[in-house]
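**Student:** here is a sequence with its predicted model. Questions after.
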Amino acid sequence: MLAYLDLLQRWNDTYNLTSVRDRAAMLTQHLADCLAVLPALQRQSSPRRLLDVGSGGGLPGVVLAALMPAVDVTCVDSVGKKVAFLRQVAGALPLPNLHAVHARIESLRLPPFDLITSRAFATLADFVVLTRPLLAAGGSWMAMKGKRPDDEIGSLPAGVEVFHVEQITVPGLDAQRCLVWMREKVAG
């Protein structure tokens, strides 16, 4: 994780991957924030293929790929320099299970994913609508949010349900964080 943080900090100086510049703040606001999802992820899902939408500098995709080597992680972003950074990370660390795709999510054509994640990407409704064609049967979405987004939950499209909202604690961060788990409603 520290090697990834080194790369993120070095590339951030040139490519503006994140607005957070201070290393200690990156450690808390980025790495610790993404690490905090692991226990919940391991309880709720056992994905073989994971898609991280709007991955930016690789959060949470890089962290999940590094700590879950059996999971095939694809990060997608519409900004080419961010995807170039992710490809550099995959080679430098090395993370053979990490892939980076330069595309807009609505034009992405890949085999379906068991789990689709996002962190600060869009509203829940936009997130599921844009990624619905990429979700495998029986798969789920995991959105990283601040406080519980009840308005967004109420605006989800028909056929999508929230099956779990979990508050998470990020060490060193005095802010609310939660994971919103969603899936296609089961008929019957």
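**Tutor:** It's in. Note that this is a predicted model, so its numbers are computed, not measured.
**Student:** ok, longest strand in this protein?
**Tutor:** For the chain, the strand with the greatest residue count under DSSP state E is strand 135-145.
**Student:** quick one: average pLDDT of the following helix or strand past it?
**Tutor:** The helix or strand immediately downstream of strand 135-145 is helix 150-154, counting by DSSP states H and E. Averaging pLDDT along helix 150-154 yields 97.
**Student:** run me through the strand neighbours of the helix or strand just after helix 150-154, direction for each.
**Tutor:** Remark: after helix 150-154, the chain's next helix or strand is strand 160-168, criterion DSSP H and E. With DSSP bridges as the test, strand 160-168 is paired with strand 177-184 (antiparallel).
**Student:** how about residue 35, what does it touch?
**Tutor:** Residue 35 makes contacts with 1, 63, 67, as judged by Cβ atoms under 8 Å, 6 or more residues apart in numbering. No exception for glycine: its C-beta is placed from N, CA and C like everyone else's.
**Student:** tell me the strands beside the longest strand of the chain, with direction?
**Tutor:** Sheet pairing for strand 135-145, using DSSP bridges, gives strand 113-119 (parallel), strand 177-184 (antiparallel).
**Student:** check the offset of the lowest-mean-pLDDT helix or strand in the chain from the chain's centre.
**Tutor:** The weakest-scoring helix or strand in the chain, judged by mean pLDDT, DSSP states H and E, is helix 23-26 (a mean of 86). How far helix 23-26 lies from its chain's middle: 19 Å, per Cα atoms, centre = their mean, to the nearest Å.
**Student:** what residues of it count as buried?
**Tutor:** Using 16 or more other Cβ atoms under 10 Å as the test for burial, helix 23-26 gives residue 26.
**Student:** just checking, what packs against it?
**Tutor:** Counting contacts by 3 or more Cβ pairs under 8 Å, 6 or more residues apart in numbering; DSSP states H and E, helix 23-26 packs against helix 2-15.
**Student:** got the contact list for the helix it packs on?
**Tutor:** By Cβ under 8 Å, 6+ apart, the residues outside helix 2-15 that reach it are 17-18, 21, 23, 26-27, 30-31, 57-58, 62-63, 66, 81-82, 84-85, 88-89, 92-93.
**Student:** pLDDT weak spots in this protein?
**Tutor:** Counting by pLDDT under 70, the chain shows low-confidence ranges at 188.
**Student:** residue contacts, residue 76?
**Tutor:** Counted by Cβ under 8 Å, 6+ apart, residue 76 has contacts 51, 52, 53, 54, 55, 100, 101, 102, 103, 105, 108.
**Student:** which residues does the fifth one contact?
**Tutor:** This points to residue 55. 61, 75, 76, 77, 82, 86, 100.
**Student:** between the residues you listed, which is closest to residue 147?
**Tutor:** Using Cβ to Cβ, residue 61 comes nearest to residue 147 of the contacts of residue 55, at 23.4 Å.
**Student:** which one is that closest one nearest to, not counting chain neighbours?
**Tutor:** residue 52 (3.3 Å; Cβ to Cβ, 6 or more residues apart in numbering).
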